[in-house]
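Undergrad: Any chance you can model this:
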Amino acid sequence: MAFPLSVAALAAGLVVSAPSPDAAGTFVVRIGGDCSAAAAQVVEQTGGQLLSVQPVGDTCIITVLVQGNGQRPRKVTVKVPM
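TA: Reported below is the predicted structural model:
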């Protein structure tokens, strides 16, 4: 069961999980600022549900769950340079 988590809590490192190993859904978006702003934009662009945000060096790794039309949801991992 998924629990709603705030982007700020995830970005602060309170809840962190590993990125999806599925590289097929990986793309890059450039955003200045912290991981919370990047996560909000990725969720808006994909229409997905935020699963995790992981700051790694000068990059945010954001994983969202995107619903398909009648198909299983898929994980999409986005690497965002800060």
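
Undergrad: where does the chain have low pLDDT?
TA: 1-33 (pLDDT under 70).

Undergrad: Let's see that with 90 instead.
TA: Residue ranges of the chain with pLDDT under 90: 1-34, 57, 68-71, 82.

Undergrad: what about the longest helix in it?
TA: The longest helix of the chain (DSSP state H) is helix 35-46.

Undergrad: got the CA positions of that helix in PDB?
TA: Listed next in PDB are the C-alpha coordinates belonging to helix 35-46 (Å, rounded to 0.1, in the frame of the first residue of the first chain):
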ATOM      1  CA  CYS A  35      15.200  18.000  -5.200                       C
ATOM      2  CA  SER A  36      11.700  19.000  -4.000                       C
ATOM      3  CA  ALA A  37      11.300  21.400  -7.000                       C
ATOM      4  CA  ALA A  38      12.600  18.800  -9.400                       C
ATOM      5  CA  ALA A  39      10.400  16.100  -8.000                       C
ATOM      6  CA  ALA A  40       7.300  18.300  -8.200                       C
ATOM      7  CA  GLN A  41       8.100  19.100 -11.900                       C
ATOM      8  CA  VAL A  42       8.700  15.400 -12.800                       C
ATOM      9  CA  VAL A  43       5.400  14.400 -11.100                       C
ATOM     10  CA  GLU A  44       3.600  17.100 -13.100                       C
ATOM     11  CA  GLN A  45       5.200  16.200 -16.400                       C
ATOM     12  CA  THR A  46       4.700  12.400 -16.100                       C
END
